[in-house]
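A.B. asks: Here is the input, now give the coordinates:
(3 chains)
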Amino acid sequence: MLTASEYARVFERPQRASDRWFTLLWRANGRGKSRLGLAISKKNCRRAVDRNLIKRMVRESFRRHRGRLPAVDVVVLTRRGIDVADRTIIRESLQRHWQRLSLLNVEPAGE
RNA sequence: GGAGUCGGCCGGAUGAUCGCUGCCACGGUUCCACCAUGGCGGAGGAAAGUCCGGGCUCCACAGGACAGGAUGCCAGGUAACGCCUGGGGGGCGCGAGCCCACGGAAAGUGCCACAGAAAACAGACCGCCCGACCACUCUGCCGGCGGUUCAUCCGGUGGUCUCAUCCACCGGUCGAAGCCGGCGAGUGGUCGGGUAAGGGUGAAAAGGUGCGGUAAGAGCGCACCGCGUCGCUGGUAACAGCGGCGGCAGGGUAAACCCCAUCCGGAGCAAGACCAAAUAGGGGGACGCUGGCGCGAGCCUGAGGUGUGGUCCGCACUGUCCCCGGGUAGGUCGCUCGAGGCGUCCGGCGACGGGCGUCCCAGAUGAAUGAUCAUCCCCGACAGAACCCGGCUUACAGGCCGGCUCCCACU
RNA sequence: GCGGGUGUAGUUCAAUGGUAGAACAGGAGCUUCCCAAGCUUCUAACGUGGGUUCGAUUCCCAUCACCCGCU
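C.D. replies: Numbers count the residues shown, from 1 in each chain, chains lettered A, B, ... in the order given. Have a look, this model is predicted:
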């Protein structure tokens, strides 16, 4: 996702799912493919190195699961404690999120 | 071999596949955008903290002064600095070496708790010394009175045999106790003076040590050191050395106010420049409209139009078109060739400067480095560019190189 | 990117450069048949590291943590 207005459209009327590490907000976009947005707050993750690392991991994981996802705009938010979590745990958490998202029936993007 | 100190450097490596991103080339459609293929790149020594200094951009500005802030031994380096280099001075360390906001307290103001006699301006609590007086004590000295016994000594006379010796007597000398007077010493007290050596308090109380000197003392005198001042010499200078003179000024604190010298305009790439939808509003022009008022700009009124509604009534809204400028969303530039890196030569103790050669080495903008696999090792710390650069500071697994110092052992 | 503020007992706050204090909380005791309240008493702190000073919570520098503002 590229612009502030696209993010705002998701935050306006999102569907959501969360676990200990991440909160995912999504909304159908009617474009025929899924798009990713990141919101890694400085409050939950103080060091720039950790924020960049999490963004890389989310991007890579999204890239590998993208083919099975419905046509939604999804925004990934972090929760507190993410900066001290183990990498493999974060990776598994992301995989569960994508699998769950791919099984959902997403209603078309009605305004 | 051990301990230490200073300086420099590295910050996992290699390969394969799938991805992300910038530029270039050639294509896919004609340009842009986008896509494909190929090539070349793609986080740090601190990218960090934002503590200083500059470049760049915009705003302001004749010059000066005040206010405010910063800096503060000297010289140099630099675009500049609160940085660096070299030197001086002080402190610490056996040493290599390390540390220092290191101008001014005879311009003024403030503060210095407790203790102490006294904390800033010269004084004096104890003590020491001198003098006077009073009281007491005492051995000592002098003079007078007194004068016993013994011994000594001197002189005389006599005896024994001249002398010597011995004996006796006389005189003198000496002389105990006691009394009187004077002197002296000591102790205590009062008063008057002289001292700042010593004691004690403190972080700090009118230089230090020694000798002389003195009633006791004192730079009172002298020597050395310290201080001040003058001169000479060395040094660009800070400063150092030597010599003369002065016996000696006068507490500390300026990271308390302050004084002196030097420097500083303000903001920051979200600076700034440009392009520019939709909606509302501003300016200008043209056109259109029932009636009324007005010379006119215009005002009032309705009609007309749009929406609601099956239709009428009703209700709500309302000139149309074109141009201009500001400007929001959004976008483009600024944006990386630079006080640049590497190599080499020259100048300089050095920081650094100069010449030549060579290289182009991140430029994102919801913000790029990841995933999987293989091999190796010491199994990988602190940590992610956001306009750029020079410093400082802070964080950091492990490792490499070099200089120097101290100790131990052996040769 | 720029700028400001605050760190003191377990908590909330004070304090001219000269012994760090108050309230609440906690412990012990008294009081009560017991509890509460009350009374007495005790414990406990200057974020960290340097420097200036005789002496620093206070002054200066650095650093760490937290909070806030502008764009």
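A.B. asks: drop to CA atoms for contacts and neighbour counts, all remaining ones
C.D. replies: Will do.
A.B. asks: number of nearby residues for A:Glu92?
C.D. replies: 11 (other Cα atoms under 10 Å).
A.B. asks: Name the helix or strand for it, please.
C.D. replies: helix A:87-103 (DSSP states H and E).
A.B. asks: Can you list the helices and strands that that helix packs against?
C.D. replies: Contact here means 3 or more Cα pairs under 8 Å, 6 or more residues apart in numbering; DSSP states H and E; on that basis helix A:87-103 packs against helix A:48-65.
A.B. asks: now with 10 Å?
C.D. replies: strand A:15-18, strand A:22-28, helix A:48-65, strand A:72-78 (3 or more Cα pairs under 10 Å, 6 or more residues apart in numbering; DSSP states H and E).
A.B. asks: Quick one: these as JSON lines, columns for mean neighbour count too.
C.D. replies: Compiled in JSON lines, the helices and strands packed on helix A:87-103 are given as follows (neighbours: other Cα atoms under 10 Å):
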{"stretch": "strand A:15-18", "mean neighbour count": "14"}
{"stretch": "strand A:22-28", "mean neighbour count": "21"}
{"stretch": "helix A:48-65", "mean neighbour count": "15"}
{"stretch": "strand A:72-78", "mean neighbour count": "22"}
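A.B. asks: Which residue is it, in chain A, that comes closest to RNA strand B?
C.D. replies: Relative to RNA strand B, the nearest point of chain A is A:Ala39 (3.4 Å; Cα to the nearest atom of the strand).
A.B. asks: Double-check that residue against A:Asn52; I have them as touching.
C.D. replies: No: using Cα atoms under 10 Å, A:Ala39 makes no contact with A:Asn52, being 11.5 Å away.
A.B. asks: one step back: with mean pLDDT added, can I get the helices and strands packed on helix A:87-103 in CSV?
C.D. replies: Formatted as CSV, the helices and strands packed on helix A:87-103 follow (pLDDT from 0 to 100):
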stretch, mean pLDDT
strand A:15-18, 84
strand A:22-28, 86
helix A:48-65, 85
strand A:72-78, 85
